[in-house]
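Participant: Predicted model and sequence below, questions to follow.
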Amino acid sequence: PPTKPAAAAQRSDTPQSAPVQSNAGSVQSAGTPAPASPEVLVKVETDKYTAWVSSKGMTIARYELKGFQSHIKPPVQLVKQGEHALGVVFTGNQGKRVDTRKLDAVFVNLPSEPIVGKGSASTVVRGRIDLGNGSSSERTLTCTGDTYVIDAGCTMTNLDNVMPSTQRWFDISWERGLQY
């Protein structure tokens, strides 16, 4: 079925936000990232949660559950402060670990105005990470109003240029567990 907007997706008004940069960091041949751009956060609001998607690797920088309170302070926050969940990690051609949470993504489909909706409708946040040498990673995060699930998709293009033929796999990483 066609994807319908269900959540308010917008650039965050927090001090950490910055305009979307077109010069995304890339892996380069040695597996080291290019100089980083300021982090851009996109706020996604649904019936069940509020999430902030980061331009650092198209990751989840914050995920707050609605309707739940923590014993420490409300709301329940599932991503530890300063961490980025759902990053892609792989071994580059030079044998170095490539962690896309340290690379800059360019958001592909940010709406010019907030998308507002509820219920079973969905919205997709999409971003592209330049991995260098003609390679890229496109991430999609699909948020639906009536569920806590964020469907994450990853399309890797031209990996032959950045990944050795003996190590053709990558991991989706949510390190340091859930904070609750």
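Facilitator: Great, that's in hand. Numbers count the residues shown, from 1 in each chain.

Participant: what sits against Gly134?
Facilitator: Residues counted as contacts of Gly134 (C-beta atoms under 8 Å, 6 or more residues apart in numbering) are 158, 161. For glycine as for every other residue, the C-beta is placed from the backbone atoms N, C-alpha and C.

Participant: Now do it against Asp160, distance only.
Facilitator: According to C-beta to C-beta, to the nearest Å, Gly134 stands 9 Å off from Asp160.

Participant: Quick check: end-to-end length of stretch 92-101?
Facilitator: Stretch 92-101 has an end-to-end distance of 15 Å (C-alpha to C-alpha, to the nearest Å).

Participant: Over to the residue of the chain most remote from its centre: give its phi and psi.
Facilitator: Largest separation from the mean C-alpha position in the chain: His71, at 27.9 Å (C-alpha atoms, centre = their mean). Main-chain torsions, His71, degrees, to the nearest 10: phi -70, psi -20.

Participant: what about it, distance to Lys48?
Facilitator: If you go by C-beta to C-beta, the gap between His71 and Lys48 works out to 20 Å.

Participant: ok, now Val125?
Facilitator: Taking C-beta to C-beta as the measure, Val125 and Lys48 are separated by 16 Å.

Participant: Between those two, which has more neighbouring residues?
Facilitator: Applying other C-beta atoms under 10 Å to Val125 and Lys48 shows that Val125 carries more neighbours, namely 22 against 18.

Participant: Make sure that one is actually in contact with Val44.
Facilitator: Yes - between Val125 and Val44 a contact is recorded at 6.4 Å, counting by C-beta atoms under 8 Å.

Participant: Tell me where this protein has strands.
Facilitator: Secondary structure of the chain (DSSP state E): strands at 8-11, 41-45, 49-54, 59-65, 76-77, 87-91, 97-99, 105-107, 122-132, 135-144, 150-157, 170-173.

Participant: Just checking: what are the partner strands of the shortest one?
Facilitator: Partner strands for strand 76-77, per DSSP bridges, with pairing direction: strand 59-65 (antiparallel).
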